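1. predicted model and sequence below, questions to follow.
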Amino acid sequence: MCLAIPSKIVNIENTIGTVDAGGVKKEISLLLLENVRIGDYVIVHAGFAIHKIDELTAMESLKYLRELGTWTKEPE
């Protein structure tokens, strides 16, 4: 199973983008997508942006992932 986390493009140089996923920045390839811009949200798999999503969908997905992370924590 693969879990893809929406990531925001914060920089683009040629075909390499830098994305921010919850404060973690990573360089990825943009070769598989057309017309991506700084500020767009993408789904990343194996170092490649594979799908562009709108900000509302990205925010909703991130909200559910945060809730899931809170729900799965061990009690203190």
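-> That came in fine, so what should we check first?
2. show me the shaky parts of this protein.
-> The chain contains residues with pLDDT under 70 at 1-2, 70-76.
3. show me where it has helices.
-> Taking DSSP state H, the helices of the chain run over residues 55-71.
4. all strands for it, in order.
-> 7-13, 16-21, 24-29, 41-45, 48-53 (DSSP state E).
5. and these, which is most packed in?
-> For the strands of the chain, the largest average neighbour count (mean count of other Cβ atoms under 10 Å) is found in strand 41-45, namely a mean of 20. To be clear about C-beta, it is placed using only N, CA and C from the backbone, and glycine gets the same treatment.
6. quick one: strands adjacent to it?
-> strand 7-13 (antiparallel), strand 48-53 (antiparallel) (DSSP bridges).
7. quick one on the thing from earlier: now render the strands of the chain as JSON lines, adding distance to R66.
-> Shown next, in JSON lines, are the strands of the chain (distance: least, Cβ to Cβ, whole Å):
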{"stretch": "strand 7-13", "distance to R66": "15"}
{"stretch": "strand 16-21", "distance to R66": "12"}
{"stretch": "strand 24-29", "distance to R66": "14"}
{"stretch": "strand 41-45", "distance to R66": "16"}
{"stretch": "strand 48-53", "distance to R66": "17"}
